[in-house]
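S.K.: Build me a model from this:
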Amino acid sequence: MLRLLLAAVLVAPLAIPAQAQRTPQNLQVLPRDWSRGQVISLMRQFSFGTGLRCEGCHYDPVGEGNFQDIDFASDENPLKEKARFMIRMTRNLNDAILPMVPNRDDPPVVITCKTCHRGVAKPRTLMQELLLTAHESGGDSAATQYRDLRESSGMAGVYDFREWETNEVASQLAEAGKVDDAIVIYELNAEFHPESSSIQLALGQLYEGKGDVEAAIAAYERAIELGAPANRVQPRIDDLRGDN
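M.R.: Numbers count the residues shown, from 1 in each chain. So this is what the prediction gives:
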């Protein structure tokens, strides 16, 4: 067994240099005189920025994500041309557009893949992800997605889990007439931001609109407990109770 392990350690690295030593072919956006080491270094940055592996843009004829099988020079993967477009776009922003920013920082802030992608292939914000799911599958599915994303990506800085990003999801659902879904999202956000009076005020309004008086009163009272101005909220509670 030890001999087999030693053989694997000694043999496995030998396959990589053979591929790594090939001269880069079909460079259309990157400088054609770049070495393979320069190209690989930049590709690693692209990979970290987008969360994609080599086969995300390059043609993999076997389809197993095996580094040895990928045809890096091929244009058969349509995402490769999209990647070229994104490289050109980023270059244009950094070289032509951003230098026109008045009083620009020195050293200047530059745009990289990760600026937008934050480690995911499609750079949607949390709000965009949740709204897409809510409109396609409902508020409960969006709430489940929120929990999954928070668990898997919370520490990576991929999505904005602060209160207002998710509040805006609920607000847009309410404006679209999806009141029940909006309530689900607000209740979810209240779970993770129990200190927010704004969430409770929004819930009070939605419950009131649905005719759920008890839930509306409970939300308004909770809002006051959390610091909402009682002189504005208490009259709403009194009206619901019929005290006026």
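S.K.: so how far is R88 from the nearest residue in space to S196 that is not next to it in sequence?
M.R.: Leaving aside its chain neighbours, S196 sits nearest to E163 (5.6 Å; criterion: C-beta to C-beta, 6 or more residues apart in numbering). Bear in mind the C-beta positions are built from the backbone N, C-alpha and C, glycine included. Per C-beta to C-beta, to the nearest Å, E163 is found 37 Å from R88.
S.K.: Who has more neighbours out of the two?
M.R.: Higher neighbour count among E163 and R88: E163, with 16 against 12, using other C-beta atoms under 10 Å.
S.K.: Quick one: the strands in this structure, in order.
M.R.: Counting by DSSP state E, the chain has no strands at all.
S.K.: Can you list the low-confidence ranges for it?
M.R.: Scanning the chain for pLDDT under 70 picks out 1-21, 64-66, 243-244.
S.K.: what about 50?
M.R.: Low-confidence segments of the chain (pLDDT under 50): 1-20.
S.K.: Helices of that one, start to end?
M.R.: 2-20, 36-50, 78-92, 113-117, 126-137, 139-153, 163-175, 179-192, 197-210, 213-225, 230-241 (DSSP state H).
S.K.: Turn the ones you listed into CSV, columns for distance to F72.
M.R.: Shown next, in CSV, are the helices of the chain (distance: least, C-beta to C-beta, whole Å):
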stretch, distance to F72
helix 2-20, 9
helix 36-50, 9
helix 78-92, 9
helix 113-117, 18
helix 126-137, 31
helix 139-153, 29
helix 163-175, 38
helix 179-192, 43
helix 197-210, 50
helix 213-225, 57
helix 230-241, 63
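S.K.: ok, now which ones touch L131?
M.R.: L131 makes contacts with 142, 169, 172-173, as judged by C-beta atoms under 8 Å, 6 or more residues apart in numbering.
S.K.: Kindly report the same for M86.
M.R.: Applying C-beta under 8 Å, 6+ apart to M86 gives the contacts C113.
S.K.: how near is it to V110?
M.R.: Distance, M86 to V110, using C-beta to C-beta: 15 Å.
S.K.: Y159 now?
M.R.: 23 Å.
S.K.: the more surrounded of the two?
M.R.: Y159 (23 against 11).
S.K.: Now E195: closest residue in space, sequence neighbours ignored.
M.R.: L226 (6.3 Å).
S.K.: I meant M43, not that one.
M.R.: Nearest to M43 is C54, by C-beta to C-beta, 6+ apart, at 7.3 Å.
S.K.: Equivalent analysis for V179, please.
M.R.: The nearest residue in space to V179 (C-beta to C-beta, 6+ apart) is L206, at 5.7 Å.
S.K.: quick one: contacts for the one you found?
M.R.: By C-beta under 8 Å, 6+ apart, the contact list for L206 reads 174, 179, 182-183, 186.
S.K.: Equivalent analysis for R104, please.
M.R.: With contact taken as C-beta under 8 Å, 6+ apart, R104 is in contact with L98.
S.K.: What separation do you get for it and D71?
M.R.: As judged by C-beta to C-beta, R104 and D71 stand 41 Å apart.
S.K.: next one: G119
M.R.: Taking C-beta to C-beta, one finds G119 at 26 Å from D71.
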